[in-house]
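> attaching a predicted model along with its sequence, questions to come.
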4 protein chains.
Amino acid sequence: MAFLGIPDEEFIRGKVPMTKQEIRVLTMVKAQISKDDIVWDIGAGTGSLSIEAARIAENGHVYSIERNPEGIELIKRNMEKFGVTNLTTIEAEAPEGMDSMPDCDAAIIGGSGRHLEPILDKIDAHLKTGGRIVLNCITIQTLSSCLEYMRKHKDRFTYEAMQVQVNRLEAVGPYDMAKAINPIYIVTCKKFK
Amino acid sequence: MAFLGIPDEEFIRGKVPMTKQEIRVLTMVKAQISKDDIVWDIGAGTGSLSIEAARIAENGHVYSIERNPEGIELIKRNMEKFGVTNLTTIEAEAPEGMDSMPDCDAAIIGGSGRHLEPILDKIDAHLKTGGRIVLNCITIQTLSSCLEYMRKHKDRFTYEAMQVQVNRLEAVGPYDMAKAINPIYIVTCKKFK
Amino acid sequence: MAFLGIPDEEFIRGKVPMTKQEIRVLTMVKAQISKDDIVWDIGAGTGSLSIEAARIAENGHVYSIERNPEGIELIKRNMEKFGVTNLTTIEAEAPEGMDSMPDCDAAIIGGSGRHLEPILDKIDAHLKTGGRIVLNCITIQTLSSCLEYMRKHKDRFTYEAMQVQVNRLEAVGPYDMAKAINPIYIVTCKKFK
Amino acid sequence: MAFLGIPDEEFIRGKVPMTKQEIRVLTMVKAQISKDDIVWDIGAGTGSLSIEAARIAENGHVYSIERNPEGIELIKRNMEKFGVTNLTTIEAEAPEGMDSMPDCDAAIIGGSGRHLEPILDKIDAHLKTGGRIVLNCITIQTLSSCLEYMRKHKDRFTYEAMQVQVNRLEAVGPYDMAKAINPIYIVTCKKFK
């Protein structure tokens, strides 16, 4: 199997929404995950981001927080399917449960419920200098709150943000027609001190 | 350094246009490059795709064809900068020069001049079964020709295509405003027999 | 009622796909329809483009070709609903039926079946100097064929083309999240002699 | 000249940024401007939105607020060029100057400086029931503030919002390549009581 970019259809998934491959891959790259990293995945869903992260951080460890028991179950089944062992699941609604995890090199936020600010506070308290936070968001309010937080903490964070939109071409008879996928914002934050 | 996704500004580049990081990363993933792969990079430009591929195919080898001597020079300087040794440059205008390379597991086409069809023919002749072709294109004509080629050769190729558009948010005083980057089409072709 | 831009939900529609308001409006503008114009609408579908055109060309006339009898019926019901009388429907698969219509100032192509080239030939034969053709297309092949046609006939046509993508924000609890609509290409051709 | 959609190049413009034709047209349509309307244009810039509005509201009147004297001058020159007389310019930084204008049927906000909330308050005080506010915005913060305002005043406002992205195809030799234009958000608000 390739080093990164597990196809969407290979993940075991229920009705839990899943980050698409293209966004998953960009998230890994923006989080600059490397072999020995400790990675937090907040609002892990089916664990697709966690699994990719764990395969890259082969000598490190991934901690996945998810409030939905169905999600936790899916993460465990995906761990088994992909032979991932360096991953610990925590069934909790973040920011609860976040103090039990060791300090991290990178934190991924796929879902923040309505608690983005306290979640960012907790990550800030446990993120090593030089560490990265990558937020995937689909709502204007979450994006806006994250930008506001980073602007307020510019004494120790820099950020870059982008919107990614993918249109897949679908073959219909002799034609290829564009099928839009909902766009997503990716905010990458670096803690420089 | 992280496993993938060298930031754009780290590459040595002249006036030669360069594939952006996000597209480079998606290209690597769609080409499913792995450790032992032989990779062709057609129209290599500054070599940014070649360098990323060579770092992943650490036990394999990358062959980069580029007609522009300035490009060849940049590729060599980037090889040195990133400590890449498993890469051979070939100064030629593809499809010329393509018969001199060993059969490949993956072929990347960043630039095809006006020779897409003969280039695809040459790749087809040298691509192993199970191999991948990934075409990055910015023109409707190149996209259309590639789709037509793949439809004509559906006895041995499948393809998927997508358009990717990235808008970067730029901080201007207290505001973040979207700055569009030109969209690109990525066509991924698999040779199944 | 406003001069242009009937909301989508006001049209009577069956299962026939309908051009969205934003694209409909841009199509009218690109076709530069004015009060006295004769307008052809090829592949008229539910007639949403035809109805808008007829309301603008109040002293002119719109001719709508549609092969689907259900479409013809919908156009007639929409004419009645919006009080449009300067519109004639023609049940035929274009380019058939196109010779029966008087010469036009503007031609809109919403659907071309697989007959784009002969349809463009017919329009060319009947379009006045200074006239406009506006093609809405969702497939790469139709776009590509139209561009090729216009390049081949650059002795009498100029063109501009653009892709339009709309993401609607949907309110979900306290959040607004982007919902992508499939992008569309709009090609505007002007006959200058 | 057509009823709507003056080409960008026909406006007299200095260094003042101008709303692109496609966005201008969608703004007019979303504002549902009709013949007898009183329209406010806040942050009118070169007046391109004001001019289009004035041509539609032929029996109505447009009031254009702009703080930049160069902008005011451009609006006046464009009025002359397009033969528009039903337009009054007000040199002021909104919300200042807004109490001097008669109540309106539609208000367009192209630029709000950093005063969006007080501007919306003023509009609210003077907008007739059934009236529309259309905000064009390019920053996440302005979008977010507008959404928050409308959510706070949902007792009398409904809103819909969308992001529009246009890629123009540019002919380069035998190719057509996409050139991205920065995306824009359009928020349409209706005062229902």
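Right, received. Where do you want to start? On a predicted model such as this, the values are computed, not experimentally measured, just so you know.
> please state the mean pLDDT value computed over stretch A:56-64.
Averaging pLDDT along stretch A:56-64 gives 97.
> how about it, does it get close to chain B?
Yes - judged by Cβ under 8 Å from any Cβ of the partner chain, stretch A:56-64 and chain B are in contact via residue A:56. Just so you know, the C-beta spots here come from the backbone N, C-alpha and C atoms, and that holds for glycine as well.
> so how far does that stretch reach from one end to the other?
15 Å (Cα to Cα, to the nearest Å).
> what bridges to the most centrally placed residue in chain A?
Central residue of chain A (Cα atoms, centre = their mean): residue A:108, 3.8 Å from the mean position. Counting by DSSP bridges, residue A:108 forms beta bridges with residue A:41, residue A:134.
> and it, how far from residue A:135?
Counting by Cβ to Cβ, to the nearest Å, the gap from residue A:108 to residue A:135 is 8 Å.
> before we move on, what about residue A:155?
19 Å.
> where along chain A do the helices fall?
With DSSP state H applied, chain A shows helices at A:21-30, A:48-56, A:69-82, A:116-126, A:140-152, listed in chain order.
> wait, which of those helices is closest to chain C?
Closest to chain C of those, according to Cβ to the nearest Cβ: helix A:140-152, at 4.8 Å.
> is that closest one anywhere near chain B?
Yes - judged by Cβ under 8 Å from any Cβ, helix A:140-152 and chain B are in contact via A:147, A:151.
> and the contacts of that helix?
For helix A:140-152, contacts defined as Cβ atoms under 8 Å, 6 or more residues apart in numbering or on different chains pick out A:112, A:116-117, A:120, A:135, A:137, A:157-159, A:161, A:185, A:187, A:189, B:169, B:174, B:176, C:169, C:174-178, D:140-141, D:143-144, D:147.
> in ChimeraX, select just the buried ones from the residues you listed.
In ChimeraX, a selection of the buried entries from the contacts of helix A:140-152 looks like this (16 or more other Cβ atoms under 10 Å in any protein chain shown):
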select /A:112,116,120,135,137,157,159,161,185,187,189 /B:169,176 /C:169,175,176,177,178 /D:140,141,143,144,147
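> how near is the nearest residue to residue A:74 once chain neighbours are set aside to residue C:18?
When the adjacent residues along the chain are set aside, residue A:74 lies closest to residue A:46, with 4.6 Å between them (Cβ to Cβ, 6 or more residues apart in numbering or on different chains). Distance of residue A:46 to residue C:18, given as Cβ to Cβ: 36 Å.
> neighbour count: these two, which is higher?
Neighbour count, other Cβ atoms under 10 Å in any protein chain shown: between residue A:46 and residue C:18, residue A:46 has more, with 26 against 18.
> wait, doesn't that one sit right on residue A:70?
No - assessed by Cβ atoms under 8 Å, residue A:46 is found out of contact with residue A:70, at 9.2 Å.
> how about the contacts made by residue A:47?
With contact set as Cβ under 8 Å, 6+ apart, residue A:47 has these partners: A:11, A:41, A:64, A:66, A:71, A:74, A:75, A:78, A:79, A:87, A:89.
> who does the fourth one form a beta bridge with?
This points to residue A:66. With DSSP bridges as the criterion, residue A:66 is bridged to residue A:91.
> assess the claim that it and residue A:75 are in contact.
Yes - counting by Cβ under 8 Å, residue A:66 sits close enough to residue A:75 to count as a contact (6.7 Å).
> so which residue of chain A lies furthest out from the middle?
Most distant residue from the mean C-alpha position of chain A: residue A:174, 37.8 Å away (Cα atoms, centre = their mean).
> dump the residue contacts of that one.
By Cβ under 8 Å, 6+ apart, the contact set of residue A:174 is B:151, C:114, C:141.
> and the longest strand for chain A?
Counting by DSSP state E, the longest strand found in chain A is strand A:157-172.
> angle of that one against strand D:157-172?
On the basis of axes from the mean of the first three to the mean of the last three Cα atoms, to 10 degrees, strand A:157-172 is oriented at 70 degrees to strand D:157-172.
> residues in chain A within reach of chain B, list them.
For chain A, the contact set with chain B under Cβ under 8 Å from any Cβ comprises A:1-5, A:21-22, A:25-26, A:28-30, A:32-35, A:56, A:147, A:151, A:160-169, A:174, A:176, A:178, A:185.
> in PyMOL, select just the buried ones from these.
The PyMOL selection below is limited to those of those classed as buried (16+ other Cβ under 10 Å):
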select buried, chain A and resi 2+3+4+5+21+22+25+26+28+29+30+32+33+34+56+147+161+162+163+164+165+166+167+168+169+176+178+185
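> contact residues of chain A facing chain C?
Chain A comes close to chain C at residues A:114, A:138-142, A:165, A:167, A:169, A:172, A:174-183, as judged by Cβ under 8 Å from any Cβ.
> got the contact list for stretch A:111-124?
For stretch A:111-124, the external contacting residues (Cβ under 8 Å, 6+ apart) are A:40, A:42-45, A:67, A:93-95, A:98-99, A:104, A:107, A:109, A:133, A:135, A:142, A:145-146, A:149, A:153, A:156, A:191, C:174.
> what of stretch A:83-100?
With contact meaning Cβ under 8 Å, 6+ apart, stretch A:83-100 is reached by A:40, A:42-44, A:47, A:50-51, A:54-55, A:57-67, A:69, A:72, A:75-76, A:78-79, A:101, A:112-113, A:115, A:118-119, A:121-123, A:126.
> same question for stretch A:14-31.
Applying Cβ under 8 Å, 6+ apart, the set of residues contacting stretch A:14-31 from outside is A:4-8, A:11, A:39, A:45-46, A:48-49, A:52-53, A:56, A:68, A:70-71, A:74, A:106, A:108, A:110, A:132, A:134, A:136, A:164, A:166, A:181, A:184, A:186, A:188, B:2, B:4-5, B:21-22, B:25-26, B:29, B:162, B:164.
> also stretch A:73-81?
Outside stretch A:73-81, the residues that touch it by Cβ under 8 Å, 6+ apart are A:10-14, A:16, A:44-48, A:50-51, A:54, A:64, A:66, A:84-85, A:87, A:89.
> kindly recompute the last result at 7 Å.
Stretch A:73-81 is contacted from outside by A:11-14, A:16, A:44, A:46-47, A:50-51, A:64, A:66, A:87, A:89, using Cβ atoms under 7 Å, 6 or more residues apart in numbering or on different chains.
> and it, how far out from the chain middle?
16 Å (Cα atoms, centre = their mean, to the nearest Å).
> quick check: mean pLDDT of that stretch?
Averaged over stretch A:73-81, pLDDT sits at 97.
> and residue A:184, how many residues sit next to it?
Number of residues near residue A:184 (other Cβ under 10 Å) recorded here: 22.
> and it, what are its bridge partners?
residue A:164.
> most proximal residue of chain A with respect to chain D?
For chain A, Cβ to the nearest Cβ, closest residue to chain D: residue A:144, 3.8 Å.
> low-scoring stretches of chain A, by residue?
Along chain A, segments meeting pLDDT under 70 span A:1-2.
> hmm, 90 instead?
Where chain A drops to pLDDT under 90, the residues are A:1-5, A:13-18, A:110-114, A:193.
> my guess is residue A:135 meets residue A:109, correct?
Yes - in terms of Cβ atoms under 7 Å, residue A:135 counts as a neighbour of residue A:109; the distance is 4.5 Å.
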